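**Q** curious how this folds, go ahead:
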Amino acid sequence: MADLFWLSDEQWAVIEPFMPRDQPGPERKDDRRIISGILHVLTSGCRWRDCPTAYGPRTTVYNRFNRWSRRGFWKAMLAALAKAGWAGDAAALDSSYVRAHRSAHGGKGGRGRRPLARRAAARRPSSMPSPMCSAAPASSC
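**A** Predicted structure coming up:
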């Protein structure tokens, strides 16, 4: 229980006005507990199915995150908080941008025609043998 994330009273006071109200369906679980579970999964990097039961049923935690994401709840809440000038205790952004070559996914240039091994061996060599090879026995070059 000591390593679980729980929203403080101050944090919840900032977030609570943005909670959706009058939603259809069964009576909702404790929003503060569910959001703490969502933030625990997002900050720890664990799978949704590994969400501790202290936050409530893992399917409820995941479904609430997924539903609110599709409806734009998180973006609207963060935009409203930023517009109000709230910065919180700390803010961190992490982003990676790595350029990859267009054929970095694998393969050697696609499905081009390649000569048969017999024809490639019959062609004239594309480079000249080294002068060191002329002095050495033929089997070593």
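**Q** hey, where'd the helices end up in the protein?
**A** Counting by DSSP state H, the chain has helices at residues 9-15, 31-44, 58-71, 73-83, 117-122, 131-135.
**Q** those: lowest mean pLDDT?
**A** In terms of mean pLDDT, the lowest-scoring of the helices of the chain is helix 131-135 (a mean of 63).
**Q** closest to D3 out of the helices of the chain?
**A** helix 31-44 (8.5 Å; C-beta to C-beta). Where you see a C-beta, it was placed from the backbone N, CA and C, and this is true even at glycine.
**Q** name the residues that touch that closest one?
**A** 4-7, 12, 15-16, 19, 46-48, 50-52, 54-56, 58, 60-61, 64-65 (C-beta atoms under 8 Å, 6 or more residues apart in numbering).
**Q** please apply the same query to stretch 3-17.
**A** Here stretch 3-17 has contacts from 31-32, 35-36, 39-40, 43-44, 52, 54-55, 77, 81, 86, 88, using C-beta under 8 Å, 6+ apart.
**Q** out of the helices of the chain, which is closest to G25?
**A** helix 58-71 (10.4 Å).
**Q** which other helices and strands contact that closest one?
**A** helix 31-44 (3 or more C-beta pairs under 8 Å, 6 or more residues apart in numbering; DSSP states H and E).
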